[in-house]
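Asker: no sequence on this one, just coordinates:
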């Protein structure tokens, strides 16, 4: 039986609009980026709310995808601002949110029930059991731990039941 192989998605980070355009120019199918808060890539300039909307419009007009990282591990006092941020970015129609925290997963399910949730590499998924647990929580994709070998990636992917993603060029974004 011949199983159809899905074309891999080339996903690239973008810390600002210039890097976003470069990623697309060099073949990215999708770009992940962060707002000015709630993303782990704090060394990047990141995107204002207006720039997030502009990025979404640009990417979607080209048939590309935009994933917003909300991969921080927020403390309790940060949830009101995080809730407001999610409400504000919903209208940009991001293709998915990349998250690492169980509380953020729950908040996304409340605020944007239609959202696709990708579990960040920050969650360090290293086993099919962990992968299936995140799938049960509603994740649609898992970004596997960066230190896994190729046979480990293959094993988890075969046994988790949802899409997997892995870093192919080093351990940094």
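Answerer: Sure, I can see it. Nothing here was measured: the structure is a model prediction, and the numbers come from that model.

Asker: for the longest helix seen in the chain, which outside residues touch it?
Answerer: When the chain is scanned for its longest helix (criterion: DSSP state H), the result is helix 49-61. By C-beta atoms under 8 Å, 6 or more residues apart in numbering, the surrounding residues in contact with helix 49-61 are 14, 17, 20-21, 24, 30-31, 33, 35, 47, 65-66, 68, 88-89, 91-94. In this view, the C-beta of every residue, glycine as well, is placed from N, C-alpha and C.

Asker: let's see which of these end up in strands.
Answerer: Residues of those located in strands (DSSP state E): 30-31, 33, 65-66, 68.

Asker: what about the spatially most central residue of the chain, which helix or strand?
Answerer: When C-alpha atoms, centre = their mean is applied to the chain, the residue found nearest the centroid is residue 98 (2.8 Å). Using DSSP states H and E, residue 98 sits within strand 96-99.

Asker: who are the packing partners of that strand?
Answerer: If contacts are counted by 3 or more C-beta pairs under 8 Å, 6 or more residues apart in numbering; DSSP states H and E, strand 96-99 sits against strand 65-70, helix 102-111, strand 117-119.

Asker: SS state for residue 7?
Answerer: With DSSP: H, G, I helix; E, B strand; the rest coil as the basis, residue 7 sits in coil.

Asker: which residues are in contact with it?
Answerer: With C-beta under 8 Å, 6+ apart, residue 7 has no contacts at all.

Asker: tell me the spacing between it and residue 23.
Answerer: Per C-beta to C-beta, to the nearest Å, residue 7 is found 17 Å from residue 23.

Asker: likewise residue 164?
Answerer: Separation of residue 164 from residue 23 (C-beta to C-beta) stands at 21 Å.

Asker: what about those two, which has more around it?
Answerer: Between residue 164 and residue 23, counted using other C-beta atoms under 10 Å, the more crowded position is residue 23 (22 against 17).

Asker: re the thing from before, a markdown table for the helices and strands packed on strand 96-99, including mean neighbour count and distance to residue 134?
Answerer: A markdown table is the format used below for the helices and strands packed on strand 96-99 (neighbours: other C-beta atoms under 10 Å; distance: least, C-beta to C-beta, whole Å):
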| stretch | mean neighbour count | distance to residue 134 |
| --- | --- | --- |
| strand 65-70 | 24 | 15 |
| helix 102-111 | 16 | 8 |
| strand 117-119 | 25 | 5 |
